[in-house]
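K.L.:
pasting a predicted model and its sequence here:
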Amino acid sequence: MFHLLFACGADTATTTDPAGGGGGPEDPVGIEASVTYLGDAAVGPTVPWEGTERARFVDPITGNVACEFAWVAVSWAEADVDGLPDPYADVPCADAAGVSCTWSATVHLFDGAEVLGDCKPFGLDPIPAATSGPFGYGWHPQWDDGVLPRGPRFVEIVAKTATAEAHWVPWEAAIASWEADTVHYELPFGTMTLTEL
């Protein structure tokens, strides 16, 4: 995943009942959690990114939310990043056919905090996880991967590695929409065990 680097903090966690029933050792999540990233932001060709991003951990068997961690999310130019340059400014947002994205933004996450449950067993301690990023996000009107046009896509930048340059990829598993300069996305990341985090 391009988002968080998790550290294993425990072998088990307890659930938190969204209906207010609490949670505890008698209602264990166990060692697995289904992870989804969710975001909402104002953004567009002339509108800088401003919104929130959340990581939600859910027991895949019971559906109980074990924890949710949220950040404030803003465009790099609006963020308090000690004057550091935008790391993705020189990576054009475009598909394999060279068609540009409708908009793109380098996003910085800050003021991260638990908003539900206990996220520490999932490696999200509020102090070190208070900031995250940068992330490159964008919207493409008709993503073409070089084989077929795939329709509108929410896209993310993959940072440069030893073997590949930074490049944009669509979130194929995401449920995403962008209209009236507002984006909403939900990205199911899959099921993880704490020993893998």
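P.N.:
Alright, I've got the coordinates.

K.L.:
where in the chain is pLDDT low?
P.N.:
Confidence mapping of the chain against pLDDT under 70 gives the ranges 1-31, 126, 128, 193-197.

K.L.:
centre-most residue in it?
P.N.:
For the chain, the residue sitting closest to the mean C-alpha position, by C-alpha atoms, centre = their mean, is Tyr37 at 4.5 Å.

K.L.:
run me through the strand neighbours of the longest strand along the chain, direction for each.
P.N.:
When every strand of the chain is counted residue by residue (DSSP state E), the longest turns out to be strand 103-117. Paired neighbours of strand 103-117 in the sheet (DSSP bridges): strand 65-75 (antiparallel), strand 132-140 (antiparallel).

K.L.:
returning to that earlier point: which non-adjacent residue is nearest the residue nearest to the centre of the chain?
P.N.:
Leu187 (4.4 Å; C-beta to C-beta, 6 or more residues apart in numbering). In short, each C-beta sits where N, CA and C put it, glycine included.

K.L.:
spit out the contact partners of Pro87.
P.N.:
The neighbours of Pro87, taking C-beta atoms under 8 Å, 6 or more residues apart in numbering as the test, are 106, 134, 159.

K.L.:
quick revisit: okay if I get the strands paired with strand 103-117 as a markdown table plus mean neighbour count and distance to Val43?
P.N.:
Shown next, in a markdown table, are the strands paired with strand 103-117 (neighbours: other C-beta atoms under 10 Å; distance: least, C-beta to C-beta, whole Å):
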| stretch | mean neighbour count | distance to Val43 |
| --- | --- | --- |
| strand 65-75 | 22 | 8 |
| strand 132-140 | 23 | 8 |
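
K.L.:
dump these into CSV; add distance to His167 as well.
P.N.:
Converted to CSV, the strands paired with strand 103-117 look like this (distance: least, C-beta to C-beta, whole Å):
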stretch, distance to His167
strand 65-75, 21
strand 132-140, 10
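
K.L.:
for Leu84, which of those is the nearest?
P.N.:
Nearest to Leu84, of all those, is strand 132-140, at 8.9 Å by C-beta to C-beta.

K.L.:
name the residues that touch that closest one?
P.N.:
Around strand 132-140, the neighbours that count as contacts under C-beta under 8 Å, 6+ apart are 2-4, 43, 49, 71, 76, 86-88, 91, 93, 95, 99, 101-110, 112, 152-157, 166, 168, 170, 178, 183.

K.L.:
now stretch 99-110
P.N.:
Around stretch 99-110, the neighbours that count as contacts under C-beta under 8 Å, 6+ apart are 43-45, 47-49, 53, 71-76, 79-81, 86-89, 92-94, 130-142, 144, 155, 168, 178.
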